[in-house]
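> how would this look folded up:
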Amino acid sequence: MSLRILHASQHSHHLPALAEWHHREWAHLYRDWTLPTALSELQSHRDANAIADTTWLALDEDTLLGSVSLLSEDAPALAHLDGPWLASLWVHPAHRRQGLGAHLVNHVRQHARQHQLPRLRLFTVDGADWYRRLGWQAERTAALNGSAVTIMHCAPAIETGPIPAP
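All right, here's what the predicted structure looks like:
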């Protein structure tokens, strides 16, 4: 495999399929989040140098393996919590449990370090233990559209040394 992580704007032809995957995975967490809305959100992530509201793709040649985003806000119900938010971490089922998810998370953390972001947040339905192994700390629980989520954070601006691998 020749893994590359590239900005979504460089491979926008993958965005319709990615929007379908994201929508299938997370639509239950958001009221009125449609497939066209998911695609529109991904298409709006045009700036590879943006601090937030940006998406990266994991590719093997031109095969889409996964994605991760950094968003200024990930869920309206959590808008009272400062971002940015690591979001939309998704790995194709055929490529899971091979370290790709950790690689994508670490890509976002490196981006956050470069921009001296004091804190990143994320929420997860069932991945808190996995994120904890990557150095994230649980902050609180919340409910999104009836689903319990764990809100976690890390502090990339003060991190030194290598980012933990799971």
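> C-alpha from now on. contacts and neighbour counts both.
OK.
> Mind naming the longest helix for the chain?
If each helix of the chain is counted by residues according to DSSP state H, the longest one is helix 100-114.
> Report all helices and strands that that helix contacts.
Packed against helix 100-114 by the contact rule (3 or more C-alpha pairs under 8 Å, 6 or more residues apart in numbering; DSSP states H and E) you find strand 63-71, strand 85-91.
> now those in a markdown table, with mean pLDDT?
Listed next are these as a markdown table, based on pLDDT from 0 to 100:
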| stretch | mean pLDDT |
| --- | --- |
| strand 63-71 | 96 |
| strand 85-91 | 96 |
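> all strands for the chain, in order.
Using DSSP state E, the strands of the chain run over residues 3-7, 54-60, 63-71, 85-91, 120-124, 137-144, 147-154.
> Now tabulate the helices and strands packed on helix 100-114 in a markdown table and tack on distance to Leu100 and mean neighbour count.
Shown next, in a markdown table, are the helices and strands packed on helix 100-114 (distance: least, C-alpha to C-alpha, whole Å; neighbours: other C-alpha atoms under 10 Å):
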| stretch | distance to Leu100 | mean neighbour count |
| --- | --- | --- |
| strand 63-71 | 8 | 23 |
| strand 85-91 | 7 | 22 |
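> Distance to Glu25 added to these, as TSV?
Shown next, in TSV, are these (distance: least, C-alpha to C-alpha, whole Å):
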stretch	distance to Glu25
strand 63-71	13
strand 85-91	9
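> Out of the ones you listed, flag the one nearest Tyr30.
Smallest distance to Tyr30 across the helices and strands packed on helix 100-114 (C-alpha to C-alpha): 13.1 Å, for strand 85-91.
> Low-confidence stretches in the protein?
Regions of the chain meeting the criterion pLDDT under 70 cover residues 1, 157, 159-166.
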